[in-house]
Structures are given as C-alpha cells and as structure tokens.
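In: Starting from these lines, generate the structure:
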Amino acid sequence: MKSFIVSGLLLALFAAAHGAWSAGAGRRVWIGTYTEGTRSKGIYTALFDEQTGVLSALAVAAETPNPSFLAIHPTGKYLYAVNETHDGSEHSGLVTAYAIDAGTGTLTELNHQSSRGADPCHLAIDATGRFLVVANYTAGNFAEFAIGTDGRLSPSIALLGHEGAGPDKERQEGPHAHDVVFSRDNRHLIAVDLGVDQVFVYTFEPASGAIKPAPQQSAATAPGAGPRHFAFHPDGESAFSINELNSTITSYRWNDRTGALVPGASVSTLPSNFHGTNSTAEIAVDAAGAFVYGSNRGHDSIAVFAVKPPGALSLVEHTPTGGKTPRSFAIDPTGRWLVAANQESSTLTVFRRDAASGRLTAAGAPVAAPTPVCVLFHP
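Out: A predicted model of the protein is given here:
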C-alpha cells in the first residue's frame, strides 16, 4: 500500500486556496472515496469556509484503495480509514492509521492492520482514543484494535461475530456488519447488522477495552428492514436507525445505564408518491436534537424529520441533493451547513441548514469530487 503522495500541481492549488483564506476561516474536511474502477486516488481533503459555505477544490491527501469510511482520533492528530477490500490476508480488508499535518492537511501513513474480515465499511473510536472497532460487511463481523500513544494500530485484539439471515435472499443470506457506534457515555457499543435485521448492544470497558454482550443483547427491526447506520440523540434517552432495504427510520428508547434498546415506530424516508427503486445510507441528528436527517439513494434526496418527544419523527421535507446516489453526508460543527456526497455523480453539495426549521437550501453549485462516499469534518 502506498503512503501519502500529492502531485505538485494539486499541492500548489491547495496552498493557494489555503493562503487565500484568513486564519481560522477554513475548517478542514476529509472525503473518503471508492477507488476501484474510478478516477479516485484515495482520501481527499479540502477547506470549508463556515461563513460562506464555500468548499475549496479537493486535493489528494493519501493514495490508498477504497477508503470508504474515515474517523478522526479525539486528539485531532490522527485519521483512520477502512480499506474496503477483500484481497488481503484471509480475504480481509485493512484498517490504516495516518498522522495529520495540521498545517498542510497532508496525511502520513503510520501503519495498517488486517481488518480480519472482507470489505470493512465502517469504524469508530472510543472517547478515550485508545480503542477502535471496525465493521466488516461481507464477513459479517466486528474487529477491535488498540491505538498506541503514537497513533499506530495494534493487531486486532477481539473479534465479534453474529449468526442468522433475513428474508431478502440477495442481501440477507447471512450477517452483514454495517455500523459501529460508541454510546455517549462510552460504556456501550452498538453494532448494526443489516443481514440479520438486528441492532446488537455490547458493554464496553474503557480502561481495558473489553467488549461483552449486554444483558439485552439486541433489538430487532422489522423483517427485511436491513438496518444500516445508527445515531444517538443528545438527550441520552433516544436513538435512531436508518434501514437500507425498506427505506425507513426506526426510533428507539435507550437506557444508558442498562443498555436496554427498545424499538418504537418506523417512518418512511420516501414521499408517498415515489414508486422507484431506493435504498438509504446515512443518518444524523443535529446537535440540538431537534432534527433527524437521512439520505435516499434512488430518490436522491435528504429526508428531514422533526423530533417530537419522546423520540417520534415528523416529516419536514425531502431535499434533492443535486446529484446521484447520496451515500454519506455530514453536518458541520457549527450546525449551519450540511455537505452531501453524491457517489455516482462524483460531486459534493453544500446546503445551508436552518436551525429553527431544519430545512436545507443548496448553497451554490455542486463541487467536483471523485466517487465520494464519506464526508468528515475535522473537529
């Protein structure tokens, strides 16, 4: 695997963009992509002006295969990427650690480890910054790694697997791990499995990294729903999963003391008059806990819902993303902007977000980005 490589031209463009903005005006954004069969080279970076919503031209940050999901260490010094492949040792993908140059945004590879399963698609770092967990989609398992004080990854220290299948014979012939999320108090780990229609709950011990099944080991979705990504509400008592196969969002009641996760109502992410093919991808809750956002691939929109206590959702709008197949999106740390990654049209669309209504308004033309699948703001 190649370490960080940046062409002189792209570096010059990046430096010019950086120099044109006053200090503090640009927040760094990282873009994970698919490289196989595309023009993408790996991980890209840009600067985002939080006053105007202008996103600079992208520059290559690291050449690496299929870095489809990214995570930043709590210190802000290191970035981690899954390499969504299946040709490594034991037909596994990789997890790669990088050091971030705060001044230039360049990434220098520290090391990489086998993900211990084919096609890793998501990863999360605990609040202490000492442990990382990755979801291996095709293998249907979750692997844990220790993070050293220098940011490097240990070989996997634990492997968790599930069994079962769902009614969709093509997508649910077996387990398919798709998402890992640490609870807000860092005492539980949520592991979402699309293949078996289950959201698994584990206890997590921050001192040792030990992961064990919680007393209530999982919460089931509707058969064939295919849960994909999961997000906690800031109230610490609610949570939501976006379900890829039946285009819904399910609300949950959450007990952070016991780890009990109780599913409630589900709402469609689609307009009632839509009859095409669709699947969902990303979900996010705004910092105030007032709105939930979910992406539709097919309808090519962001569905916006208002949160009505206790955790029920009420549709606000469907906003077209201005591109094809919006896979991922992210709300910036100020809460004023949302950036969506349109995978198949190779663009990023910036939206201005109204904090009072939750509504999204496109803030200019889409920006070119090769096969984007993950958007990550530097904290």
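In: all strands of the stretch 251-379 of the chain, in order?
Out: 260-268, 279-285, 291-297, 301-308, 312-320, 326-331, 337-342, 347-353, 360-362, 367-368, 372-377 (DSSP state E, counting those that start in this stretch).
In: now the stretch 1-150 of the chain
Out: Ranges of strands in the stretch 1-150 of the chain, per DSSP E, counting those that start in this stretch, are 26-33, 42-49, 59-63, 70-72, 78-83, 94-100, 107-114, 120-125, 131-136, 141-146.
In: In JSON lines: those strands, plus mean neighbour count, distance to Thr203 and mean pLDDT.
Out: The way it works is simple: take the backbone N, C-alpha and C, and place the C-beta from them, glycine included. Listed next are these as JSON lines, based on neighbours: other Cβ atoms under 10 Å; distance: least, Cβ to Cβ, whole Å; pLDDT from 0 to 100:
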{"stretch": "strand 26-33", "mean neighbour count": "23", "distance to Thr203": "29", "mean pLDDT": "96"}
{"stretch": "strand 42-49", "mean neighbour count": "23", "distance to Thr203": "33", "mean pLDDT": "96"}
{"stretch": "strand 59-63", "mean neighbour count": "24", "distance to Thr203": "34", "mean pLDDT": "96"}
{"stretch": "strand 70-72", "mean neighbour count": "21", "distance to Thr203": "21", "mean pLDDT": "98"}
{"stretch": "strand 78-83", "mean neighbour count": "26", "distance to Thr203": "23", "mean pLDDT": "98"}
{"stretch": "strand 94-100", "mean neighbour count": "24", "distance to Thr203": "23", "mean pLDDT": "98"}
{"stretch": "strand 107-114", "mean neighbour count": "18", "distance to Thr203": "24", "mean pLDDT": "98"}
{"stretch": "strand 120-125", "mean neighbour count": "24", "distance to Thr203": "15", "mean pLDDT": "98"}
{"stretch": "strand 131-136", "mean neighbour count": "28", "distance to Thr203": "13", "mean pLDDT": "98"}
{"stretch": "strand 141-146", "mean neighbour count": "25", "distance to Thr203": "13", "mean pLDDT": "98"}
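In: Which one of these lies nearest to Ser346?
Out: strand 26-33 (9.0 Å; Cβ to Cβ).
In: still on that earlier bit, quick one: which of the strands of the stretch 251-379 of the chain is nearest Phe142?
Out: Taking the strands of the stretch 251-379 of the chain one by one with Cβ to Cβ, strand 260-268 is closest: 16.6 Å.
In: So for the closest one, mean pLDDT?
Out: Strand 260-268 comes out with an average pLDDT of 97.
In: Can you point out the buried residues in that strand?
Out: 261, 263, 266-268 (16 or more other Cβ atoms under 10 Å).
In: Many thanks, I have nothing further to ask.
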